[in-house]
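Colleague: here is a sequence together with a model predicted from it:
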Amino acid sequence: MKKAHKIRIYPNSRQEIQFQKTFGCVRFYWNFLLDQRITNDKMKKENPDKKFYVAYDRAVCPNMKLTTLEKVYNALKEEKNVVEVPEAVAKKAKSSLERMFKVKS
């Protein structure tokens, strides 16, 4: 039996700043890995006779080009997209968020 949990949070100003910092770091790392992947692919095309080794070949999500900032913004603004996760995952995520809010409050 699959269950979906829709969670809406209302962070205070300090928590909102923490979210912005966290998302900024995630965005930086995402772009860093994307740049590495693009560079690696470009080098492979320019040098087909050479073998290149990637430090971590799963560093880039195969669906990453489908996610744009505009899509993320609209999903958060309109609350129209529902993410279905197993109940155990939802409980772990909820407890992690509660611990984070407890530390930052």
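Modeller: Sure, I can see it. Residues are numbered from 1 along each chain as shown.
Colleague: tell me where this protein has helices.
Modeller: 13-46, 69-78, 87-104 (DSSP state H).
Colleague: H5: which of those is closest?
Modeller: Closest to H5 of the helices of the chain, according to C-beta to C-beta: helix 87-104, at 4.3 Å. C-beta coordinates here come from the backbone N, C-alpha and C atoms, glycine included.
Colleague: about what we covered before: lowest average confidence across the helices of the chain, which one?
Modeller: Sorting those by mean pLDDT places helix 69-78 lowest, at a mean of 77.
Colleague: what count of nearby residues applies to V72?
Modeller: Other residues near V72 come to 12 when the count uses other C-beta atoms under 10 Å.
Colleague: now do Q18
Modeller: With other C-beta under 10 Å as criterion, Q18 counts 16.
Colleague: that older thread, got CSV for the helices of the chain, with distance to H5 too?
Modeller: What follows is the helices of the chain, written out as CSV (distance: least, C-beta to C-beta, whole Å):
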stretch, distance to H5
helix 13-46, 19
helix 69-78, 16
helix 87-104, 4
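Colleague: of those, which is nearest K6?
Modeller: helix 87-104 (9.9 Å).
Colleague: counting contacts, what elements does the closest one pack onto?
Modeller: helix 13-46 (3 or more C-beta pairs under 8 Å, 6 or more residues apart in numbering; DSSP states H and E).
Colleague: which secondary structure elements does the helix it packs on contact?
Modeller: By 3+ C-beta pairs under 8 Å, 6+ apart, helix 13-46 packs against helix 87-104.
Colleague: tell me how far the helix it packs on lies from the chain's centre.
Modeller: Distance of helix 87-104 from its chain centroid, counting by C-alpha atoms, centre = their mean, to the nearest Å, is 17 Å.
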